[in-house]
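Undergrad: one predicted model, sequence on top.
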Number of protein chains: 2
Amino acid sequence: MATKGRSGCPISLSLELLGDRWTLLIIRDLAFAGKRHFREFLQSDEGISSRTLAERLQTLQDEGILTRSDDPSHGLKAIYRLTEAGIDLLPVLATLGAWGSKHRKADDKLARIANDIAASGEPALERMKETLRGQHLG
Amino acid sequence: MATKGRSGCPISLSLELLGDRWTLLIIRDLAFAGKRHFREFLQSDEGISSRTLAERLQTLQDEGILTRSDDPSHGLKAIYRLTEAGIDLLPVLATLGAWGSKHRKADDKLARIANDIAASGEPALERMKETLRGQHLG
């Protein structure tokens, strides 16, 4: 990331890492779509290139948002999982999903899911984080 | 925006428009820093270029996130204001600020403000939106 033009603003510091659509789409796939493998991320509707995907996964690993380990059930495959910092992005995804449901032309079914999550409030979001911890943290 | 690789996912549709650090920093400056003029956005710590700023302001205007009008108090200046869709981005900024305060090395004072906003919950966020409506809408 650029060191020029850094500020101490927490929004700006978050965007230095996350201010790129591909980065947050990878987090979405890990959090909501149950995806764990390189090939699964590639297959998402948005059509990320394998070069961009590899680069973003490496950055997210370097920055402590996800971990990469050998998948015991598939000898040659790596498995990606969210860290606690990655799971903490759930409220960011929830607010982006709610905004997109309201102000963009979203798929009806997905918009309903996003609205349900946004309307369910803080305690429900905490329960979703707890579920993600069970799925992602060793 | 690219039409290839679109999906109906509300998160993805939001990121098509907002998945760029500069875009959300302009919204931040409008929502939290009271900035309304081209020159004020240019002066933010992150050092946006005037070319990028002009391009992003135009896109945000085209997409209905902000309005541009003549500033009655400065004959030659344009004044930018958030629309209702722009004000609705407040929860996205709040969750990004909270995450950055926790997981990035943010300025202490700004981190405290971001945490206060995040901890204040839904009703306080609604009050902040109401204040922004008074400042930005007609």
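TA: All right, it came through fine. Please read all numbers here as calculations on a predicted model, not as lab measurements. Numbering: from 1, shown residues only, chains lettered A, B, ... in the order given.

Undergrad: contacting residues for the spatially most central residue of chain A?
TA: In chain A, the centroid-proximal residue (CA atoms, centre = their mean) is residue A:27; its distance is 1.2 Å. By CB atoms under 8 Å, 6 or more residues apart in numbering or on different chains, the contact list for residue A:27 reads A:60, A:65, A:82, A:86, A:89, A:93. C-beta coordinates here come from the backbone N, C-alpha and C atoms, glycine included.

Undergrad: neighbours of the fourth one, just the number please.
TA: Taking other CB atoms under 10 Å in any protein chain shown as the neighbour definition, residue A:86 ends up with a count of 24.

Undergrad: over to residue A:115?
TA: Counted with other CB under 10 Å, the neighbours of residue A:115 add up to 16.

Undergrad: whichever strand or helix holds it close to chain B?
TA: Take DSSP states H and E as the rule and residue A:115 turns out to sit in helix A:108-119. Yes. Using CB under 8 Å from any CB of the partner chain, helix A:108-119 reaches chain B at A:110-111, A:114.

Undergrad: adding distance to residue A:137 and neighbour count, write these out as a markdown table.
TA: Shown next, in a markdown table, are the residues of helix A:108-119 next to chain B (distance: CB to CB, whole Å; neighbours: other CB atoms under 10 Å in any protein chain shown):
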| residue | distance to residue A:137 | neighbour count |
| --- | --- | --- |
| A:110 | 27 | 20 |
| A:111 | 30 | 21 |
| A:114 | 25 | 27 |
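
Undergrad: how about these in JSON lines, adding pLDDT?
TA: As requested, those are exported to JSON lines (pLDDT from 0 to 100):
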{"residue": "A:110", "pLDDT": "93"}
{"residue": "A:111", "pLDDT": "94"}
{"residue": "A:114", "pLDDT": "91"}
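
Undergrad: how about the helices in chain A?
TA: Under the criterion DSSP state H, chain A contains helices at A:10-18, A:21-32, A:38-42, A:50-62, A:84-87, A:90-103, A:108-119, A:121-136.

Undergrad: got these as CSV, with distance to residue B:55 columns?
TA: Formatted as CSV, the entries for the helices of chain A read as follows, by distance: least, CB to CB, whole Å:
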stretch, distance to residue B:55
helix A:10-18, 17
helix A:21-32, 17
helix A:38-42, 29
helix A:50-62, 22
helix A:84-87, 31
helix A:90-103, 21
helix A:108-119, 29
helix A:121-136, 35
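
Undergrad: alright, I will stop here.
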